[in-house]
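K.L.:
Quick check, what structure comes out for this input:
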Amino acid sequence: MPGKSNAKNTKDKLSALMEMAALVNSSHEKTVIMNHAVKSICRLTNAEAGSLLLVDEQTGQLDFEVVLGSQSEKLICFRVPEGQGIAGWVAQNDTPLIVPDVQSDERFYRYCDQEIKFVTREMIAVPLRVNGSVIGVIQAINKKEGTFDLEDLELAMAFSNQIAMVVNKFGCKIFEIHTLGRFELLINGVQAGKPDAALASKPLQLLKAVIALGGSDVPQEQLADLLWPDADGDQARRSFDTTMHRLRKMLGHEQVLSIRNGKLNLDPALVWLDARVFESYFDRLSPVTKDYICSEQVPLYEKAIALYKGSFMPAEKAESWILDRRDRLRGRFVRLVVALGSFWEQHQKYEQALECYRHSLEVDTPSEELYRQLMSCLMTLDRHAEALAVFELCRRNLRATLGVEPSPATLALANVIRAAHK
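P.N.:
Sure thing, here's the model as predicted:
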């Protein structure tokens with residue numbers, strides 16, 4: 001009967017809001033609560049997908065913090081420019097919306113759909129407010145049956161108030177960790193710890209190890225083995241517990257580094273980590289090859305390359321768990337540079353290509369592949385003397401850093417340039 005069905009729906013919604021209120025006042029992590037809220041909105045409005053975006057105070061852009069639905073993982077770390085898209089309009093105008101036909105709405109930011117090959121048909125978008133200011137937007141997308149109505153909008157607004165309380169309670173990302181080119185930990189914008197040369201304390205070593213091993217689902221036993229290799233099982237566990245307590249005390253925030261089922265996780269809602277953002281950009285751009293790049297992707301390539309300031313934790317010893325991540329990140333950086341530089345060359349924007357290669361060679365331990373790209377570009381411009389000078393620089397650096405000679409591919413390219421230079 002319709003009456004019973006409506007009563008049940010009302011009861012479900014009230015129950016969900018009460019559960020959400022309890023979570024707001026619980027000790028759960030911010031990400032857990034926000035994910036629960038978006039899931040509840042999608043379930044109660046019968047939406048196919050949903051998302052939560054937060055405003056970057058410095059740029060005004062909207063960052064995807066929670067994304068649910070098909071291909072959702074590709075939107076994490078995606079940014080919507082200030083004022084653009086339906087979400088941007090809602091944030092700027094502090095006005096909730098029901099948009100029944102998104103594709104025909106002139107405010108629609110189509111790049112998100114194109115990026116993940118998704119079709120947004122209809123949408124609810126509601127602002128998140130804290131102390132009278134809009135701090136984000138929550139969206140429900142594509143109702144599975146029927147169309148979104150005022151009741152759905154009011155439900156989303158009720159949840160938005162709860163979510164805003166969560167964001168206000170925890171604050172936005174208060175930890176900023178730089179690992180590319182240097183190690184630096186900032187807490188609320190203030191540097192914590194000491195310069196690289198003095199970072200020998202076990203709490204910071206534990207934090208570095210968690211980051212080097214990916215920052216999520218890092219086994220506690222693996223960390224104990226790495227940091228206390230000579231200790232027996234019980235002693236290693238005690239050392240780990242003591243160090244973990246000291247690290248949390250130093251950070252001043254217990255939930256930034258959680259342990260669940262014997263695995264450690266850095267909360268991405270509280271921590272901005274340059275290496276994680278860099279890899280998220282790379283993953284979104286995949287496949288990263290010089291034959292697969294379009295003009296719309298260029299700004300994202302440039303952001304990713306700009307994030308890479310040098311080797312991963314360069315002051316750390318050559319431990320295998322550091323080297324693996326260092327080599328992986330460096331390899332991804334080189335692939336990005338080659339792809340972007342090749343794009344500029346294909347469009348005959350050679351000076352931009354040269355700048356791309358030269359700047360990148362200054363950032364990290366010189367890559368032989370980047371030297372070849374630079375030599376080849378200079379050869380295309382008939383700047384043979386410069387290309388040969390780059391080859392000599394490549395040879396000197398390879399001898400000095402690795403004790404090796406240039407590869408056959410580099411030597412062959414140098415011979416072609418010499419022949420053209422005669």
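
K.L.:
Could you list the buried residues of the helix or strand where residue 358 lies?
P.N.:
Assigned by DSSP states H and E, residue 358 belongs to helix 350-363. Burial within helix 350-363, assessed by neighbour count using 16 or more other Cβ atoms under 10 Å, is assigned to 350, 352, 353, 354, 356, 357, 360, 361, 363. Using the backbone N, CA and C atoms, a C-beta is placed for each residue, glycine as well.

K.L.:
what's the farthest-apart pair in those residues?
P.N.:
350 and 363 (20.6 Å; Cβ to Cβ).

K.L.:
Buried residues of the top helix by length along the chain, list them for me.
P.N.:
When the chain is parsed with DSSP state H, its longest helix is helix 320-346. Using 16+ other Cβ under 10 Å as the test for burial, helix 320-346 gives 322, 325-326, 329-330, 332-345.

K.L.:
Stretch 298-314 too?
P.N.:
Under 16+ other Cβ under 10 Å, the buried positions of stretch 298-314 are 300, 301, 304, 305, 307, 308, 310, 311, 312, 313, 314.

K.L.:
Check the separation of the first and last residues in it.
P.N.:
28 Å (Cα to Cα, to the nearest Å).

K.L.:
What of stretch 70-82?
P.N.:
OK, stretch 70-82 end separation, Cα to Cα: 25 Å.

K.L.:
average model confidence for that stretch?
P.N.:
Here stretch 70-82 scores 70 as its mean pLDDT.

K.L.:
now do stretch 217-234
P.N.:
In the prediction, stretch 217-234 has an average pLDDT of 88.

K.L.:
What lies in contact with it?
P.N.:
If you take Cβ atoms under 8 Å, 6 or more residues apart in numbering as the criterion, stretch 217-234 is touched by 202, 205-206, 209-210, 213, 235-237, 239-240, 243, 259, 262-265, 319, 321.

K.L.:
which of these are buried?
P.N.:
Applying 16+ other Cβ under 10 Å to the contacts of stretch 217-234 flags 202, 205, 206, 209, 210, 213, 236, 239, 240, 243, 264, 265 as buried.

K.L.:
could you dump those to TSV with secondary structure?
P.N.:
As requested, the buried ones among the contacts of stretch 217-234 are exported to TSV (DSSP: H, G, I helix; E, B strand; the rest coil):
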residue	secondary structure
202	helix
205	helix
206	helix
209	helix
210	helix
213	coil
236	helix
239	helix
240	helix
243	helix
264	strand
265	strand
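
K.L.:
where does the nearest residue to residue 59 once chain neighbours are set aside land in three-state SS?
P.N.:
Excluding its sequence neighbours, the residue lying closest to residue 59 (Cβ to Cβ, 6 or more residues apart in numbering) is residue 82, at 6.7 Å. What three-state DSSP gives for residue 82 is coil.

K.L.:
Which residues are in contact with residue 82?
P.N.:
59, 60, 61, 62, 88, 92.

K.L.:
Phi and psi next, for it.
P.N.:
Note on residue 82: backbone dihedrals following degrees, to the nearest 10 are phi -50, psi 130.

K.L.:
cool, and residue 271?
P.N.:
phi -120, psi 130.

K.L.:
domains in this structure, as residue ranges please.
P.N.:
Listed by automatic domain parsing, the domain ranges of the chain are 2-170, 175-271, 274-421.

K.L.:
Least reliable of the ones you listed by average pLDDT, please.
P.N.:
domain 2-170 (a mean of 79).

K.L.:
what's the distance between it and the middle of its chain?
P.N.:
20 Å (Cα atoms, centre = their mean, to the nearest Å).

K.L.:
what about stretch 87-103, how long is it end to end?
P.N.:
End-to-end for stretch 87-103, by Cα to Cα: 14 Å.

K.L.:
Excluding its own residues, what touches that stretch? List them.
P.N.:
Here stretch 87-103 makes contact (Cβ under 8 Å, 6+ apart) with 53, 55, 62, 80-83, 86, 105, 107-109, 119-127, 129, 134, 136-137, 139, 147-150, 152-153, 156-157.

K.L.:
which ones among those residues are found in helices?
P.N.:
Per DSSP H, the subset of the contacts of stretch 87-103 in helices is 86, 150, 152, 153, 156, 157.

K.L.:
The last one and residue 62, how far apart?
P.N.:
Spelled out, it's residue 157. Between residue 157 and residue 62 the computed distance is 18 Å (Cβ to Cβ, to the nearest Å).

K.L.:
The fourth one now?
P.N.:
Between residue 153 and residue 62 the distance, using Cβ to Cβ, works out to 20 Å.

K.L.:
pretty sure residue 215 is touching residue 263, no?
P.N.:
No: the pair residue 215 / residue 263 is not scored as a contact, 11.2 Å apart, by Cβ atoms under 8 Å.

K.L.:
Whichever strand or helix holds residue 177 pairs with which strands?
P.N.:
Assessed by DSSP H and E, residue 177 sits inside strand 175-178. According to DSSP bridges, strand 175-178 has the following sheet partners: strand 184-187 (antiparallel), strand 271-273 (parallel).

K.L.:
Fine by me, we can end here.
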